[in-house]
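**Q** need a structure here:
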Amino acid sequence: MNEKKISFYSEGCKLQGTLYLPDDMKEGDRRPAIIPNSGYNGFNEFYPKMFAKRLTQEGYICLGFDYRGFADSEGKKGRVILSEQVQDIDNAITFLQLQEHVDRNRIGLIGWGMGASNVIEVAVKNKRVSAVAALNGFYNGERWLKSVHTYKYWRNILETLEEDRNRRVTEGESLLADPFIHYPLDPATESYVTRELASVKGFGEKTRLQFTESIIGMNVEKQVKDLSPVPLFIAHGSDNLLHPYEEAISLYEAAREPKELYTINGKHNDFMYSDHEEFLKMMEKLIMFFDGSFRHTSLAQSIVS
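**A** Predicted coordinates:
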């Protein structure tokens, strides 16, 4: 895999990223391309790069980037708003389609964790997307938050957010807080995060409380029916305690064909190592999904032309 550092603008913010290119690229090649997107507190140098390493072996071009405000991308640090990350992905598609070796008619998206809802929202609105994969996500923010908190704590969250809205109006800025104050990690995920992610530059920095409000307002489960005929691949850990498996079931039931649900024998990210058996199994399923989706896109294009 060859790596090329790039940058592009998203609503005035200069975002940093990497083009991941297959080793066998030749002059004049036009390849399908995939954008693997991180989850909460995620960075290009971790999961997007991990996905790209395997996908480029199959001939795909990949683009990984850091959302605004993360790592070395421009943007206000600590500001995490889902709708703004959706804009960043949308602008990444435009950048990718401008690259000389990319087949602009065969663009796929992968969203991991919190990024899973982002890619669905992008693809519903952006008809330039040929296939979408949502992995270990949650798809109704308010339902998910309620599911991982007691009723008493949920009421406390709502009171805290009301105070924060007042603060934004009277003082101009949302309050910075621990990034996991309302996003509680289960023991297995916390152990993985401490071991693998805590040392990554920028991970775990404080996040503004407005982030929680943006989660509550997210409900791509209502939108996903409008994704069709774009193919949807949903994968989820059967023992995922951070984002319960029921989230995947509800999304699958709300989506229209073509759709596929794959159950991972794992939790949230305990299997997220490039040589882990479950990760490799998931990647084989993903590759089959994108191969089939892009063949269908090519066939449709040839019929139209």
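
**Q** ok, how many other residues are close to residue 231?
**A** Residues lying near residue 231 (other CB atoms under 10 Å) number 23. Where C-beta positions appear, they are placed from N, C-alpha and C, glycine not excepted.

**Q** Contacts only, for it.
**A** Residue 231 is in contact with 130-132, 258-260, 289, 292-293, 296, counting by CB atoms under 8 Å, 6 or more residues apart in numbering.

**Q** Those residues into JSON lines, with extra columns for pLDDT and distance to residue 266?
**A** Putting the contacts of residue 231 into JSON lines (pLDDT from 0 to 100; distance: CB to CB, whole Å) gives the following:
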{"residue": "130", "pLDDT": "97", "distance to residue 266": "28"}
{"residue": "131", "pLDDT": "98", "distance to residue 266": "23"}
{"residue": "132", "pLDDT": "98", "distance to residue 266": "21"}
{"residue": "258", "pLDDT": "98", "distance to residue 266": "25"}
{"residue": "259", "pLDDT": "98", "distance to residue 266": "21"}
{"residue": "260", "pLDDT": "98", "distance to residue 266": "18"}
{"residue": "289", "pLDDT": "98", "distance to residue 266": "18"}
{"residue": "292", "pLDDT": "96", "distance to residue 266": "24"}
{"residue": "293", "pLDDT": "96", "distance to residue 266": "24"}
{"residue": "296", "pLDDT": "74", "distance to residue 266": "29"}
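
**Q** Please list only the buried members of the residues you listed.
**A** Buried members of the contacts of residue 231, counted by 16 or more other CB atoms under 10 Å: 130-132, 258-260, 289, 293.

**Q** Let's see which of the residues you listed end up in strands.
**A** Within the buried ones among the contacts of residue 231, residues falling in strands by DSSP state E are 131-132, 259-260.

**Q** Now tabulate these in a markdown table and tack on distance to residue 141.
**A** A markdown table is the format used below for those (distance: CB to CB, whole Å):
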| residue | distance to residue 141 |
| --- | --- |
| 131 | 24 |
| 132 | 18 |
| 259 | 21 |
| 260 | 24 |
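
**Q** quick one: which of those is nearest residue 86?
**A** residue 132 (12.8 Å; CB to CB).

**Q** which residue packs closest to that closest one, ignoring adjacent ones?
**A** Nearest non-adjacent residue to residue 132, counting by CB to CB, 6 or more residues apart in numbering: residue 123, 4.6 Å away.

**Q** who touches that neighbour in this structure?
**A** Counting by CB under 8 Å, 6+ apart, residue 123 makes contact with 109, 129, 132, 227, 230.

**Q** Quick check, pLDDT for residue 117.
**A** With respect to pLDDT, residue 117 scores 98.

**Q** other SSEs contacting the helix or strand of the chain with the lowest mean pLDDT?
**A** Least confident element among the helices and strands of the chain, by mean pLDDT, DSSP states H and E: helix 277-304 (a mean of 84). The criterion is 3 or more CB pairs under 8 Å, 6 or more residues apart in numbering; DSSP states H and E, and the helices and strands that helix 277-304 contacts are strand 31-37, helix 47-57, strand 102-112, strand 131-135, strand 232-237, strand 259-264.

**Q** Would you format the ones you listed as TSV with distance to residue 20 included?
**A** Compiled in TSV, the helices and strands packed on helix 277-304 are given as follows (distance: least, CB to CB, whole Å):
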stretch	distance to residue 20
strand 31-37	9
helix 47-57	4
strand 102-112	12
strand 131-135	16
strand 232-237	20
strand 259-264	23
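
**Q** mind checking which of the ones you listed is nearest residue 72?
**A** Evaluated with CB to CB, the helices and strands packed on helix 277-304 place helix 47-57 nearest to residue 72, the distance being 14.6 Å.

**Q** Show the subsequent helix or strand relative to the closest one.
**A** Remark: after helix 47-57, the chain's next helix or strand is strand 61-65, criterion DSSP states H and E.

**Q** Can you give the contact residues for that next one?
**A** Residues outside strand 61-65 that contact it (CB under 8 Å, 6+ apart): 6, 8, 15-22, 31-36, 44-45, 48-49, 51-52, 55-56, 73, 88, 92, 95-96, 99, 101-102.

**Q** which two from the contacts of residue 123 end up farthest apart in space?
**A** 109 and 227 (11.0 Å).

**Q** Which neighbours do the two have in common?
**A** 123, 132.

**Q** Between these two, which is the more surrounded one?
**A** residue 109 (26 against 22).

**Q** okay but that one is in contact with residue 90, surely?
**A** No. Between residue 109 and residue 90 there is no contact under CB atoms under 8 Å: 10.2 Å.

**Q** shared neighbours, the two?
**A** Common neighbours of residue 109 and residue 90, using CB under 8 Å, 6+ apart, are residue 122.

**Q** ok, back up a step: and the buried ones among the contacts of residue 231, which is closest to residue 77?
**A** Nearest member of the buried ones among the contacts of residue 231 to residue 77, counting by CB to CB, is residue 132, at 29.2 Å.

**Q** Fine by me, we can end here.
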